[in-house]
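**Q** next input, structure requested:
(one chain, ligands or ions: 1)
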Amino acid sequence: MKKITTAAMAIGAVAVLALAGCSSSTRGSTTGSGSTPTGGSTGTAAASQFPTFPAGSTIGVSLPQKTSENWVLAEGLFNTQLTAAGFKPMVNFANNGVSDQQNQIQAMITAGAKVIVVGAIDGSQLGSQLQAAKQAGITIIAYDRLLTNTPDVDMYVAYDNYKVGQLQGQALLDGLKAKKTDGPPWNIELIAGSPDDANSKPFFDGAMSVLQPKIDDGTLKIPSGQKTQQQVATQGWLAKNAQNRMDAILAANYASGTKLDGILSPNDTLARAALTSVKNAGLPNPVITGQDSELESIPLIADGTQYSTINKDTGKFVTQVVDIIKQIQQGQTIQFNDTKSYNNGVKVVPAFLLPPMLVTQANVCTAYDPATSPSASKAALATDYCKSKG
Ligand code: BGC
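**A** Next up is the predicted model:
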């Protein structure tokens, strides 16, 4: 894998600073308690804030279930990049749920890990393990998903989740304007992610910040009447749950000629599930959003079946986390670019946010950076597909 140069990272960081400065609402805890107003701002942790440790130490990475391709990619990248940086990686999936993840974090503490990176199944259920980790002098990094209702998390590294939602909401509107010229009004249905994932709320809130005004003024209609995050949630991010819900909605509301113009889907896995449901019902292809740029969805974006996805390059993401771990190990100062937005219900967690990118048919051929793994394979797939279609 080609390494990102320091200069490139610096340019990226400036772009991220600019982006974070534009954020405008609290992205954190799903509890609703203790939220502070937001707007990202830059900040630097005191150099002594995180304990240093010897090169070659064990680093724990606790990942959730394999609910989407990004987590599987992260496993390989953490192993490769941590090893290349001289650390001993201990990377686990919590395939059997929350108690599995709790046990794994405990095992990482026992193994003497100096940093534990957590992509939580349910970020509110790890309090005692994180407390034990802190007591052992371990630095805790929340990866992708915020760890909530605990003081024992040192930082959050993620793509800007609220921005992801805004891009999805805007893409749905833009797609409807471009493809469904017999409207407005347009009929849409909403899908949200798993309620135990702290990201589901900023994804949904970001999208609704764009869609709600258009629902209010009658441009968009929701024939099922299911509008709240709770009503439209997909437990466990499971495709079968989204498909079953969509099957029921289509049977109840679209069986006698009502047109379905669009679907807000929070990720690619659920978008493909919803498209299967629509196809089985014999309805025309709706405008549908997604996220993750999964290999199976890139051809669907290229041929227009799925209107949009989001590129959150897992290679750049893992590199960012590994760079931070190296800085902690060497006692360097950690630069954050948002020290206001992520209140986890107990405290504001300093964050380093990366900028997500919208991908549609218009930019899919060039959207993926061939210099970063696994975007190399996405870039190859996209360019091959684009070439074959001329
Ligand atoms: C991630 C998404 C992913 C979803 C399901 C979220 O926390 O941010 O990228 O699609 O989990 O795995």
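
**Q** going by C-alpha atoms from here, please, whenever you check contacts or count neighbours.
**A** Will do.

**Q** does any part of the longest helix seen in the chain sit near the ligand?
**A** Criterion DSSP state H: the longest helix present in the chain is helix 161-179. No - for helix 161-179, no contact with the ligand is found by C-alpha under 6 Å from any ligand atom; the gap never falls below 7.2 Å.

**Q** got the buried residues for that helix?
**A** 161-173, 175-176 (16 or more other C-alpha atoms under 10 Å).

**Q** looking at these, which one is closest to the ligand?
**A** Nearest to the ligand out of those is residue 161 (C-alpha to the nearest ligand atom; 7.2 Å).

**Q** residues from the stretch 1-150 of the chain in reach of the ligand?
**A** Counting by C-alpha under 6 Å from any ligand atom, the stretch 1-150 of the chain comes close to the ligand at 67, 68, 144, 145.

**Q** so which residues of the stretch 151-300 of the chain form helices?
**A** 161-179, 200-216, 229-232, 239-253, 268-280, 298-302 (DSSP state H, counting those that start in this stretch).

**Q** how close does residue 266 sit to the ligand?
**A** To the ligand, residue 266 is 7 Å away according to C-alpha to the nearest ligand atom, to the nearest Å.

**Q** and the gap between that residue and residue 128?
**A** From residue 266 over to residue 128 the distance is 31 Å, taken as C-alpha to C-alpha, to the nearest Å.

**Q** who has more neighbours, those two?
**A** A direct count of neighbours by other C-alpha atoms under 10 Å for residue 266 and residue 128 places residue 266 higher, at 31 against 13.

**Q** so the more buried one makes contact with residue 290?
**A** Yes - Residue 266 lies in contact with residue 290 (C-alpha atoms under 8 Å); the separation is 5.4 Å.

**Q** what is in contact with the two at once?
**A** Common contacts of residue 266 and residue 290 (C-alpha atoms under 8 Å, 6 or more residues apart in numbering): residue 168.

**Q** residue 147: what's it in contact with?
**A** Taking C-alpha under 8 Å, 6+ apart as the criterion, residue 147 is in contact with 120, 122, 123, 124, 126, 153, 198, 344.

**Q** how about JSON lines for those residues, with neighbour count and secondary structure added?
**A** Converted to JSON lines, those look like this (neighbours: other C-alpha atoms under 10 Å; DSSP: H, G, I helix; E, B strand; the rest coil):
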{"residue": "120", "neighbour count": "28", "secondary structure": "coil"}
{"residue": "122", "neighbour count": "21", "secondary structure": "coil"}
{"residue": "123", "neighbour count": "23", "secondary structure": "coil"}
{"residue": "124", "neighbour count": "20", "secondary structure": "coil"}
{"residue": "126", "neighbour count": "23", "secondary structure": "coil"}
{"residue": "153", "neighbour count": "28", "secondary structure": "coil"}
{"residue": "198", "neighbour count": "27", "secondary structure": "coil"}
{"residue": "344", "neighbour count": "28", "secondary structure": "coil"}
